[in-house]
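>>> Got a predicted model here, sequence first, then my questions.
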Amino acid sequence: QVQLVESGGGLVQAGGSLRLSCAPSGRTYSSYAMGWFRRAPGKEREFVAAISWSGSYTDYADSVKGRFTISRDSAKNTVYLQMNSLKPEDTAVYYCAAPHGDIHEDTARDIGWYDNWGQGTQVTVSS
């Protein structure tokens, strides 16, 4: 199975920005859907954003809509999560995940639809 590697996490003040990256290690995906999830301390893993194979469909959790943007650079084989206007409640470990099929409105937020997970990257937002 191809390993997914996240990067770009760190410590930022409230109102700041970070860009997370997710790239497969050791193999090139010609096209792929991808999702981002996060787990805050003491909470369950939750959906953040997802993008379909074609890139034409994206979905966002209500808590991040208008602040976060998911995108893909096929030439670099990388999926990004641009996070703006960060809040302390965005503090979590962020994971990218590849699903076993394309993403659409019935599957984007279904954690069971994803079968390949990265190791996670810590995002900490200070107040």
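Cool, got the structure. Numbering: from 1, shown residues only.

>>> Show the contacting residues for residue 85.
The neighbours of residue 85, taking Cβ atoms under 8 Å, 6 or more residues apart in numbering as the test, are 15, 17, 67. All C-beta spots, glycine's among them, are computed from the backbone N, C-alpha and C.

>>> I'd assumed residue 82 was in contact with the second one.
It stands for residue 17. Yes: look at residue 17 against residue 82 with Cβ atoms under 8 Å: they come within range, at 7.2 Å.

>>> Which of the two has more residues huddled nearby?
Between residue 17 and residue 82, counting by other Cβ atoms under 10 Å, residue 82 is the more crowded of the two (15 against 11).

>>> pretty sure that one is touching residue 69, no?
Yes: shown here, residue 82 and residue 69 form a contact pair, counting by Cβ under 8 Å, at 4.5 Å.

>>> Could you check how far stretch 51-70 is from the centre of its chain?
Stretch 51-70 sits 9 Å away from the centroid of its parent chain (Cα atoms, centre = their mean, to the nearest Å).

>>> Start and end of that stretch, how far apart?
Stretch 51-70 has an end-to-end distance of 7 Å (criterion: Cα to Cα, to the nearest Å).

>>> quick one: contacts of that stretch?
31-36, 46-50, 71-72, 79-86, 89-90, 102-105, 108-109.

>>> again, but for stretch 95-103
Stretch 95-103 has contacts (Cβ under 8 Å, 6+ apart) with 2, 4, 6, 20, 22, 24, 29, 32-39, 45, 50-53, 57, 59, 79, 81, 107, 113-120.

>>> Setting aside sequence neighbours, what's the nearest residue to residue 52?
Counting by Cβ to Cβ, 6 or more residues apart in numbering, residue 52 lies nearest to residue 103, which is 4.6 Å off, once chain neighbours are set aside.
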